[in-house]
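# Just to be clear, the model below is a prediction. Sequence and coordinates:
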Amino acid sequence: MSIIGRTGVDTNMGGTIGAEQRIEAEQHWATKGDVRLAVYRKRLAGAGDQPILFLVHGSSFGGQGGFDLDVPGKPGYSFMEEFARRGFDVWTMDFEGYGRSSRTQSNSNLSMAAEDLRVATDVVFERTGKRSAMFYGSSSGALRAALFGEAHPDRVERVILDAFVFTGEGAPTLIKRRERLEEWRSSHIRKVDRAFFHSIFNRDLPGTSEEGIADALADYELALGDTMPTGTYLDMCANLPVVTPEKLACPVMIVRGEHDGIATEQDLLDYFARLGTNDRRFVVIPGMAHVSYLSKNRAIFFQAMEEFLRPPARTL
């Protein structure tokens, strides 16, 4: 069951576009039994029919926190607004245990992803009258997006898998994370603090993101709580692979930051070679680490992403 909640309108947040191009924002609620899931939307006010882009968050911050970030004194860090200005109807959500969604005893593991995304996209389709969308997922969000594409191919037109991992073999970040595997197994939540948010941007190569990004993200997330679910950490450390590339038949773009330690390039190429589609791209972004859309080189990533989402017409 899906329930539509409150909506609202934001004025121009970027400061560089006219009033006729102000960004409109909405918040909705999807329900999964007793669990309420927050769903967010941004688009140009008064826009007509637009392609839907759904952004899927990862393990350590929610959808609005990561994809609609306000960094004091540094405009241009809202992924949602960036693609709203490019003519997309942009949506995201907080999975169970994240952001403004219900915080339960569940560890919000990857097996829950398809159902969370199903009820969230029910809201999207109810509001837009459409029956499918394009998807972007980052890190464990990329695994969630791939799993959703496998389970509900009729809802997924195209998918971008960014900061993705397949088997995890040889991945520096996961090798380090497995040192705390018993901790992830013993509790449904893990504590986070300001230092943790800084570590996300510094663990691969310090300097790939601007100063102030980690603090802005920490300010947003810690105001909502100081815990995150352990499920995706546990799955990525102990249960990979969780996806079956042959089952993903829509057009796929895999994006890898040059310095990202979540997977080796060979691991990603092995997945890429087995995809159930020949409409596929493999993109490496130079000077980028794990969080592409909050990096200094995000403009390169945004260009590659839009080119994939808006391909020229095919004749064969």
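Looks like it came in fine.
# since we're on the residue nearest to Arg118 when sequence neighbours are not counted, how many residues are nearby?
Nearest residue to Arg118, sequence neighbours excluded (Cβ to Cβ, 6 or more residues apart in numbering): His152, at 6.4 Å. All C-beta atoms are positioned from the backbone trio N, CA, C, and that covers glycine. Residues near His152, counting by other Cβ atoms under 10 Å, number 14.
# got it, and the one 10 residues further on?
For Asp162, the number of neighbouring residues by other Cβ under 10 Å comes to 28.
# wouldn't it be in contact with Ala142 here?
Yes - applying Cβ atoms under 8 Å, one finds Asp162 in contact with Ala142, separated by 5.7 Å.
# Low-confidence regions, this structure specifically.
Residue ranges of the chain with pLDDT under 70: 1-20.
# ok, which stretches of it are strands?
Remark: strands assigned in the chain by DSSP state E are 2-3, 23-32, 35-44, 52-56, 89-93, 133-138, 156-162, 189-191, 227-229, 252-257, 280-285.
# Which among the ones you listed is found nearest to Thr208?
In terms of Cβ to Cβ, the element of the strands of the chain nearest to Thr208 is strand 252-257, at 7.6 Å.
# centre of the chain versus the closest one, how much separation?
How far strand 252-257 lies from its chain's middle: 13 Å, per Cα atoms, centre = their mean, to the nearest Å.
# Over to stretch 280-297?
Here stretch 280-297 is found 14 Å from its chain centre; the criterion is Cα atoms, centre = their mean.
# Export it to CSV, keeping only CA atoms.
This file holds the C-alpha atoms of stretch 280-297, laid out as CSV (Å, rounded to 0.1, in the frame of the first residue of the first chain):
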residue,chain,number,x,y,z
ARG,A,280,26.1,-1.6,-21.9
ARG,A,281,28.9,0.9,-21.0
PHE,A,282,31.8,0.8,-18.7
VAL,A,283,33.1,4.2,-17.6
VAL,A,284,36.1,5.0,-15.4
ILE,A,285,36.1,8.6,-14.1
PRO,A,286,39.7,10.0,-13.4
GLY,A,287,40.4,11.7,-10.2
MET,A,288,37.3,10.3,-8.5
ALA,A,289,37.0,7.9,-5.5
HIS,A,290,33.9,6.4,-4.0
VAL,A,291,31.2,9.1,-3.9
SER,A,292,31.1,10.4,-7.5
TYR,A,293,28.3,13.0,-7.1
LEU,A,294,30.0,14.7,-4.2
SER,A,295,33.4,14.7,-5.7
LYS,A,296,35.4,17.6,-7.3
ASN,A,297,35.1,15.9,-10.7
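# Just give me the longest helix of the protein.
Longest helix in the chain by number of residues (criterion: DSSP state H): helix 113-128.
# how about that helix: buried residues?
The neighbour-count check on helix 113-128 (16 or more other Cβ atoms under 10 Å) flags 113, 116-125, 127-128 as buried.
# now do stretch 207-219
Buried-residue list, stretch 207-219, by 16+ other Cβ under 10 Å: 208-209, 213-214, 216-219.
# and if you look at stretch 73-93?
For stretch 73-93, a neighbour-count test (16+ other Cβ under 10 Å) marks 77-86, 88-93 as buried.
# which one of those residues is nearest Leu44?
For the buried residues of stretch 73-93, the nearest to Leu44 is Ala84 (5.7 Å; Cβ to Cβ).
# For the closest one, give me its contacts.
Taking Cβ atoms under 8 Å, 6 or more residues apart in numbering, we find Ala84 in contact with 23, 42-44, 90.
# Could you export those as CSV, including distance to Ser132?
Listed next are these as CSV, based on distance: Cβ to Cβ, whole Å:
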residue, distance to Ser132
Ile23, 24
Lys42, 19
Arg43, 17
Leu44, 21
Val90, 15
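# quick one: which of those has the most company?
Val90 (29 neighbours).
# dump the residue contacts of the nearest residue to that one once chain neighbours are set aside.
Spatial nearest neighbour of Val90, excluding adjacent residues (Cβ to Cβ, 6+ apart): Met80 at 4.6 Å. Contacts for Met80 were tallied using Cβ under 8 Å, 6+ apart; they are 40, 42, 55, 67-68, 90, 92.
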